[in-house]
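Undergrad: Quick check, what structure comes out for this input:
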Amino acid sequence: MKVARFHAPGDIRIEDAPEPVAGPGEVKIRVRNCSTCGTDAKILKHGHHHIRPPRVMGHEIAGEVVETDVPTWSPGDRVQVIAAIPCGTCAECRRGRMTVCPAQESMGYHYDGGFAEYMVVPAKVLAVGGLNRIPDGVGFAEASVAEPLACVLNGQELARVGTGDDVLVIGSGPIGCLHVRLARSRGAARVFLADINADRLALAAERVRPDATVHGDNTVHGADITEQVLKLTEGRGTDVVITAAASKAAQEQALRIAARQGRISFFGGLPKDDPIIACDSNLVHYRELTIVGANGSSPAHNARALELIADGSVPVADLITHRLPLAEVLDGIDIVSRGAAIKVTVEP
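TA: Numbers count the residues shown, from 1 in each chain. From the prediction side, this is the model:
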């Protein structure tokens, strides 16, 4: 079979590999869709400290069962696979905090992922309820988007996005688009979308229809989005600011955009060699702001994300702008890197 393997930064190869065999408690699937994301682009450029090459990449996975000894699964079952695998037994997992499990592993990092014709779902995934049945009416490509939607769901739960909120999403990539749609489904009054990439912002806005778009630059004060958002909100700011971009400027702007008692989600992580931002502590203090992080998703988030897709609360089919064969996975990652798409999915 064909796979896309990471060997080193800048070195992902399409290679032949033997078809895997499911061991005890494992499930072998035929991969139908494995979507790409900005993390894949980062891995291609910089590698990742959890990846020991060679490793088959891909973590937004949907397919159908072809082989297993697990009695609850049968050949032909349509399934979606979690990306982040909590251990299920540590102190955090026992408290229901699976997203911050210190022993967490990941598909495409610790285990071969979905940029392959076939793959094996580890028993560890099944042990934490991480293999989900795809609901009727949901296609494989849509199901593969459940994983990033699950991460978005975790972020909005932590930021308490709810009825009547004004929400600003900074970053109009696939994650930003999912944030816009999920915020609407959670009852937000108005949702604004901001980006420094005018073309991507226009592409996203055409599909997710925010109440307004805000185009700025990547400096803290230049073409500052703060003034534009304050004008849109009659000087109040937004109840929630979600930084769906790996941007220090966005995080610093969020502190000045949030309304009193506003919530700020640092959804997009910063580069590990430059993670420090300027924080006006008095803004946090006097405005009673809440700043929360967001780290991936739990198995339960993945299951709920599939439900949101299935019942139409968060449509995702129109966000998939490119469908590519496995042989063109590098082209797909390049498209993601350039911000020239919303969602790119690979169909092995």
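Undergrad: Tell me which residue is most central in this protein.
TA: Residue closest to the mean C-alpha point of the chain, counted by Cα atoms, centre = their mean, is residue 148 at 2.9 Å.
Undergrad: thought it was touching residue 174?
TA: Yes: between residue 148 and residue 174 there is a contact at 6.3 Å, judged by Cβ atoms under 8 Å. Using the backbone N, CA and C atoms, a C-beta is placed for each residue, glycine as well.
Undergrad: tell me, what's touching these two both at once?
TA: Residues touching both residue 148 and residue 174 by Cβ atoms under 8 Å, 6 or more residues apart in numbering: residue 37.
Undergrad: Confirm the residue nearest to the centre of the chain sits in a helix?
TA: Yes: assessed with DSSP: H, G, I helix; E, B strand; the rest coil, residue 148 lies in a helix.
Undergrad: How much space separates it from residue 105?
TA: Remark: distance between residue 148 and residue 105 (Cβ to Cβ, to the nearest Å) = 18 Å.
Undergrad: swap in residue 8?
TA: Taken as Cβ to Cβ, the span from residue 8 to residue 105 is 21 Å.
Undergrad: Between the two, tell me which one has more neighbours.
TA: residue 105 (17 against 11; other Cβ atoms under 10 Å).
Undergrad: Next, count neighbours for residue 171.
TA: Using other Cβ under 10 Å, residue 171 is surrounded by 28 other residues.
Undergrad: I'd say it and residue 268 touch.
TA: Yes: between residue 171 and residue 268 a contact is recorded at 6.4 Å, counting by Cβ under 8 Å.
Undergrad: Now for these two: what residues contact both?
TA: Common contacts of residue 171 and residue 268 (Cβ under 8 Å, 6+ apart): 243-245, 247, 250.
Undergrad: For the stretch 1-150 of the chain, just list every one of the helices.
TA: Listed from the start of the chain, the stretch 1-150 of the chain has helices (DSSP state H, counting those that start in this stretch) covering 38-46, 91-94, 123-127, 140-144, 146-158.
Undergrad: who wins for proximity to residue 109 among those?
TA: helix 38-46 (8.6 Å; Cβ to Cβ).
Undergrad: Include pLDDT, distance to residue 138 and neighbour count when you put the shared contacts of residue 171 and residue 268 into JSON lines, please.
TA: Listed next are those as JSON lines, based on pLDDT from 0 to 100; distance: Cβ to Cβ, whole Å; neighbours: other Cβ atoms under 10 Å:
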{"residue": "243", "pLDDT": "97", "distance to residue 138": "29", "neighbour count": "28"}
{"residue": "244", "pLDDT": "96", "distance to residue 138": "24", "neighbour count": "27"}
{"residue": "245", "pLDDT": "92", "distance to residue 138": "28", "neighbour count": "25"}
{"residue": "247", "pLDDT": "92", "distance to residue 138": "32", "neighbour count": "19"}
{"residue": "250", "pLDDT": "93", "distance to residue 138": "32", "neighbour count": "28"}
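Undergrad: of those residues, closest to residue 210?
TA: Distances from residue 210 to the shared contacts of residue 171 and residue 268, taken by Cβ to Cβ, are shortest for residue 244, at 12.5 Å.
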